[in-house]
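S.K.: sharing a sequence plus its predicted fold:
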Amino acid sequence: MDARTIIESLTGKFPEIISETEIESEIRVRAHTDRAMAKEVCQYLKDSLQFGHLCSICGVDYPKRNEMEVVYHIASYDHPVVLTLKAVLSRDSPEIESVVPVYWNANWYERETYELYGIVFKNHPDLRPLLLPEEMLGEWPLRKDYEGFPNKTARNLV
Amino acid sequence: MGEIKSKKTSGTTGEDPIDAVPGVITTTSGAISNFLKKTKAQDLINWGRKNSLWFMTQPMGCCGVEMIAMGCAHYDTDRFGIIPRNSPRQADVMLISGYVTKKYLPALKRLWDQMPAPKWVLCLGDCSISGGPFYESYSTVQNIDEIFPIDVFVPGCPPRPEAMLQGFVELQEKIKAKKDLGTEY
């Protein structure tokens, strides 16, 4: 299964939902998905296109566009293509359906994206901070407008 | 009721026990220790303390690996009386061996509180001194010297075990000169 068949299969199955597809090389493809159908797209990828391995989930903040993105990197054990799947969210209320029922290892990825960006994954089994302390919840340190960095570091050197 | 009780207790403790009964000196271990600090006996006590600086094996980052290497046979800190201990209750020295995250600081404070006095702190590595690679990070605690009374800073990323040993020797010199922050003179 090569990159072109994957993109054609995806757009054929979800013509309204998948957009901005691009074949970057033989092994890297990119697609945008509608945020309401991200879980269904992942289910289709896993069941029909042999994308059995979720590499990572991360967030991207675009304050000028007032948007946030969730980026899924999905790879396969059967073919060499890696898919970058993106879902655009509103920055005011970033919410997306959890993909834990499809890929079980998304659990911690989603918790980390939640604690760093404040993106809420609906129907996540246990959505609480992964690494940061509980009292830092709500600061969302990897958002571009975060201002909580310490500015009194190493005053003896300055 | 509570107010009356607190007044009574504060009144009894406020009186000097030496003045209370003429000719009889009642004392406490704190009073003995305060008296000894003014005499030459403190030099003897400090000599003993500086030659048995047991440190707590509590590695926090990559400096912790060097710290363990320092305590092992190759660098052999035992010849200075510096012995790694696994329990904070048996330790005299705490080594802050790496970045202190906001999540870890309560645990570190708790370990520090469990150590019996007199106790000293050494700061190992650039992370604990000034932030290092985690300079202005959202998740680390900066300026650790505001939280713990740090006697010696050992720079390096990570410092060599010899440098840490040098830090311990500097701490011994400070204790010998009664300039350390671990004891209240």
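M.R.: Arrived safely, thanks for sending. Numbering: from 1, shown residues only, chains lettered A, B, ... in the order given.
S.K.: so A:Ile7 belongs to a helix, correct?
M.R.: Yes - assessed with DSSP: H, G, I helix; E, B strand; the rest coil, A:Ile7 lies in a helix.
S.K.: which ones are touching the closest residue to it other than its chain neighbours?
M.R.: Once flanking residues are discounted, A:Ile7 sits nearest to A:Thr21: 5.0 Å by C-beta to C-beta, 6 or more residues apart in numbering or on different chains. C-beta coordinates here come from the backbone N, C-alpha and C atoms, glycine included. By C-beta atoms under 8 Å, 6 or more residues apart in numbering or on different chains, the contact set of A:Thr21 is A:Ile7, A:Leu10, A:Thr11, A:Val29, A:Arg30, A:Ala31, A:His32.
S.K.: repeat that for A:Ile7.
M.R.: A:Thr21, A:Ile23, A:Val29, A:Ala31.
S.K.: which ChimeraX command selects the buried ones in those residues?
M.R.: A single ChimeraX command suffices to select whichever of the contacts of A:Ile7 are buried according to 16 or more other C-beta atoms under 10 Å in any protein chain shown:
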select /A:23,29,31
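S.K.: mind checking which of the contacts of A:Ile7 are in strands?
M.R.: A:Thr21, A:Ile23, A:Val29, A:Ala31 (DSSP state E).
S.K.: would you point out the most distant pair within the contacts of A:Ile7?
M.R.: Largest separation among the contacts of A:Ile7 by C-beta to C-beta: A:Ile23 and A:Ala31, giving 10.0 Å.
S.K.: for chain A, what are the nearby residues on chain B?
M.R.: B:Lys102, B:Lys103, B:Ile129, B:Ser130, B:Gly131, B:Tyr135, B:Glu136, B:Ser137, B:Tyr138, B:Ser139, B:Gln142, B:Asn143 (C-beta under 8 Å from any C-beta of the partner chain).
S.K.: counting contacts, what elements does the helix ranked longest in chain B pack onto?
M.R.: Determined from DSSP state H, the single longest helix within chain B is helix B:161-176. When contacts are defined as 3 or more C-beta pairs under 8 Å, 6 or more residues apart in numbering or on different chains; DSSP states H and E, helix B:161-176 packs onto helix B:41-50, helix B:62-71, strand B:93-97, strand B:120-124, strand B:150-154.
S.K.: ok, the contacts of A:Ile7 vs chain B, which is closest?
M.R.: Lowest distance from chain B to the contacts of A:Ile7 (C-beta to the nearest C-beta) belongs to A:Ala31, with 32.0 Å.
S.K.: so that closest one bridges to which residues?
M.R.: Here A:Ala31 sits in beta bridges with A:Leu85, as judged by DSSP bridges.
S.K.: dump the residue contacts of it.
M.R.: Here A:Ala31 is in contact with A:Ile7, A:Leu10, A:Ile18, A:Ser19, A:Glu20, A:Thr21, A:Glu22, A:Leu83, A:Thr84, A:Leu85, A:Lys86 (criterion: C-beta under 8 Å, 6+ apart).
S.K.: the residues you listed into JSON lines, with extra columns for pLDDT?
M.R.: Below are the contacts of A:Ala31 laid out as JSON lines (pLDDT from 0 to 100):
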{"residue": "A:Ile7", "pLDDT": "91"}
{"residue": "A:Leu10", "pLDDT": "90"}
{"residue": "A:Ile18", "pLDDT": "91"}
{"residue": "A:Ser19", "pLDDT": "88"}
{"residue": "A:Glu20", "pLDDT": "88"}
{"residue": "A:Thr21", "pLDDT": "89"}
{"residue": "A:Glu22", "pLDDT": "90"}
{"residue": "A:Leu83", "pLDDT": "93"}
{"residue": "A:Thr84", "pLDDT": "94"}
{"residue": "A:Leu85", "pLDDT": "93"}
{"residue": "A:Lys86", "pLDDT": "94"}
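S.K.: number of residues surrounding A:Gly148?
M.R.: Counted with other C-beta atoms under 10 Å in any protein chain shown, residues neighbouring A:Gly148 total 11.
S.K.: that one: which element?
M.R.: Using DSSP states H and E, A:Gly148 falls within no helix or strand.
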